[in-house]
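# Starting from these lines, generate the structure:
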Amino acid sequence: PPLTAMGWPIVPDGLGDLLVRLSRDYPGTPLVVTENGAAFHDVPDADGRVRDDARIRYIDGHLRAAHAALTAGADLRGYLVWSLLDNFEWAEGYGKRFGIVYVDYADQRRLPKDSAGWFRDVIARNGLGGEPE
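Okay, here's the model as predicted:
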């Protein structure tokens, strides 16, 4: 499978399987995915745009897995992306970027990454649509 910048394998079906299993093992318990995201090597290009296609594919795959779990009966009530902003990670410092908004640590400027616009559009249409952009 593909890997994150942390070297972790990307396996969206694992999330779906877990949601279904939790719903089966704990019936009647509403579920919320409170943190789902991954670090990638994000940098602004010459135009000042952060093209984080890998993060879009990551979130898209996990949302599709969550939807499949809903279809299979999981009582999933919410999904939150980790993280809104690039931030200090307790084990990695500022070396890994998880956010859908790029933070320039030198001047604290915030720059929405392509994934922020993509996720905004998913929320606005209340669905994923076709293939990720």
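
# contacting residues around the longest helix along the chain?
Selection of the longest helix in the chain by residue count, based on DSSP state H, yields helix 53-71. Contacting residues not belonging to helix 53-71 are listed as 2, 4, 10, 12-17, 19-20, 23, 33, 36-38, 40, 42, 74, 76, 79, 81, 100, 113-115, 118-119, 122, 128, 132-133 [CB atoms under 8 Å, 6 or more residues apart in numbering]. Backbone N, C-alpha and C define where each C-beta goes, glycine included.

# Out of those residues, which end up buried?
4, 12, 15-17, 19-20, 23, 33, 36-38, 40, 42, 74, 76, 79, 81, 100, 113-115, 118-119, 122, 132 (16 or more other CB atoms under 10 Å).

# Sitting in strands, which of the residues you listed do you find?
Val33, Asn36, Leu76, Tyr79, Val81 (DSSP state E).

# Model confidence for the second one, exactly?
Put plainly, it is Asn36. Looking at Asn36, its pLDDT is 97.

# So that it lines up with my notes, have the first residue be 49 from now on.
That works, and once the first residue is 49, the last one we named lands at Asn84.

# ok, now how distant is it from Ala113?
Asn84 is 10 Å from Ala113, where distance means CB to CB, to the nearest Å.

# list residues touching both of these two?
Leu63.

# wait, what's in contact with the residue nearest to Val59 when sequence neighbours are not counted?
Closest residue in space to Val59, ignoring its immediate chain neighbours: Pro49 at 5.6 Å, by CB to CB, 6 or more residues apart in numbering. By CB under 8 Å, 6+ apart, Pro49 lies in contact with Pro57, Ile58, Val59.

# Now for the second one: which residues touch it?
The contact partners of Ile58, taken as CB under 8 Å, 6+ apart, are Pro49, Pro50, Leu51, Thr52, Ala86, Tyr106, Gly109.

# re the thing from before, just the ones in helices from the buried ones among the contacts of helix 101-119, please.
Pro60, Leu63, Gly64, Asp65, Leu67, Val68, Ser71, Asp162, Ser163, Trp166, Phe167, Val170.

# Give me the pLDDT for the fifth one.
Each residue has a pLDDT score; the one for Leu67 is 98.

# I'd assumed Leu79 was in contact with it.
Yes. Shown here, Leu67 and Leu79 form a contact pair, counting by CB atoms under 8 Å, at 6.0 Å.
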